[in-house]
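Enquirer: Fold the following for me, if possible:
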Amino acid sequence: MDRYSEITNKNQREIVLLKGFPCIWGKCSFCDYIDDNSNLEEEMNKLNLKVLKNVTGKYGVLEVINSGSCFELPKDTLEIKCIIKEKNIKKLFLESHWSYKNRLKEMREYFEIPVVFKIGVETFDNDFRNNILNKNANFKTPQDVKEYFDSPCIMVGIKGQTKEMIDKDIEIILNTFEKATVNVFINNSSSIKRDEELVKWFVSK
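Expert: A predicted model of the protein is given here:
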C-alpha cells in the first residue's frame, strides 16, 4: 500500500496514510477502510514513523489521514509534531468523526500551527447520511458542521442517491465552506454499491 503521496494541483500538500486504533464508530455501511485499523501499538508506531520519514516539507503543508479520526493515532505517532517543526510545516490537515467535535481544540493547541479539520459528511441529506450510510453524524444543518469543522468531504455515485441530493450537496459546499472534498464512490467489500449512471451524470455535469 502506498502510504505517502503529494497533492500537486489545488491546495498543494504532502499526504500520509497512517495506521490508527479502531474507529470510534466503525459502523458506516459503505466503509471497509477500517480494515486498516490495528491494536498492535508498537507495530503501528514502527510503520507510521517509517511513513513519516518521507515528509520533506516541500510545500509547507501536510495532511495526515488514518482509517478513522486523528484522535485514534497512537501517542508516539503524535510525535509527528517534531517532524512538523523539523520540516518547517506551516499548515496541517487532519480528519475527525463528528463524535470528536468537542475535542478539536486539543489538536489545534497541541500542534501549535493552523489545522484544517476535515470531516466525512458524505451528504447533507440527514436521512441518507444516517439511515442508509449509518454515519452517526446527527447534525441538522451545514452551519452545525461549520461551527466545528473547516472542510467537509462528500461522496457521490451511490445507489439510492439522487441527482437532486448531489446538486444540493454541491451547492452547500460551494456556498458555505472555504474548502471541501468530493469523493466518487468505488465499489468495495461493503453492501453499498456504486451507481454507474449517476457517476456518468456527475462527471459530465
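
Enquirer: how about the strands in this structure?
Expert: In the chain, strands defined by DSSP state E lie at 4-7, 13-18, 61-66, 91-95, 115-122, 151-156, 181-184, listed in chain order.

Enquirer: packing partners for the second one?
Expert: The helices and strands touching strand 13-18, judged by 3 or more C-beta pairs under 8 Å, 6 or more residues apart in numbering; DSSP states H and E, are strand 4-7, helix 41-52, strand 61-66, strand 91-95. Glycine gets a C-beta too; all of them are placed from N, C-alpha and C.

Enquirer: rerun that using 10 Å as the cut-off
Expert: Applying 3 or more C-beta pairs under 10 Å, 6 or more residues apart in numbering; DSSP states H and E, one finds that strand 13-18 makes contact with strand 4-7, helix 41-52, strand 61-66, helix 80-86, strand 91-95.

Enquirer: Over to the fourth one?
Expert: Other elements packing on strand 91-95 under the criterion 3+ C-beta pairs under 10 Å, 6+ apart are strand 13-18, strand 61-66, helix 80-86, helix 104-111, strand 115-122, strand 151-156.

Enquirer: Report the angle between that strand and strand 13-18.
Expert: 40 degrees (axes from the mean of the first three to the mean of the last three C-alpha atoms, to 10 degrees).

Enquirer: What's the mean pLDDT across strand 91-95?
Expert: Per-region confidence: strand 91-95 scores 98 on mean pLDDT.

Enquirer: So in the chain, where's the weakest helix or strand by average pLDDT?
Expert: Lowest on mean pLDDT, DSSP states H and E among the helices and strands of the chain sits helix 80-86, with a mean of 93.

Enquirer: Mind putting the helices and strands packed on strand 13-18 into a markdown table with distance to E197?
Expert: Output for these, formatted as a markdown table (distance: least, C-beta to C-beta, whole Å):
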| stretch | distance to E197 |
| --- | --- |
| strand 4-7 | 29 |
| helix 41-52 | 38 |
| strand 61-66 | 30 |
| helix 80-86 | 42 |
| strand 91-95 | 30 |
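
Enquirer: can you redo the ones you listed as CSV with mean neighbour count?
Expert: Putting these into CSV (neighbours: other C-beta atoms under 10 Å) gives the following:
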stretch, mean neighbour count
strand 4-7, 14
helix 41-52, 16
strand 61-66, 22
helix 80-86, 15
strand 91-95, 21
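
Enquirer: so which of those comes closest to V182?
Expert: The closest of these to V182 is strand 4-7. By C-beta to C-beta, the value is 14.0 Å.

Enquirer: can you pull the contacts of L78?
Expert: N45, N48, V64, C70, F71, M107, Y110, F111 (C-beta atoms under 10 Å, 6 or more residues apart in numbering).
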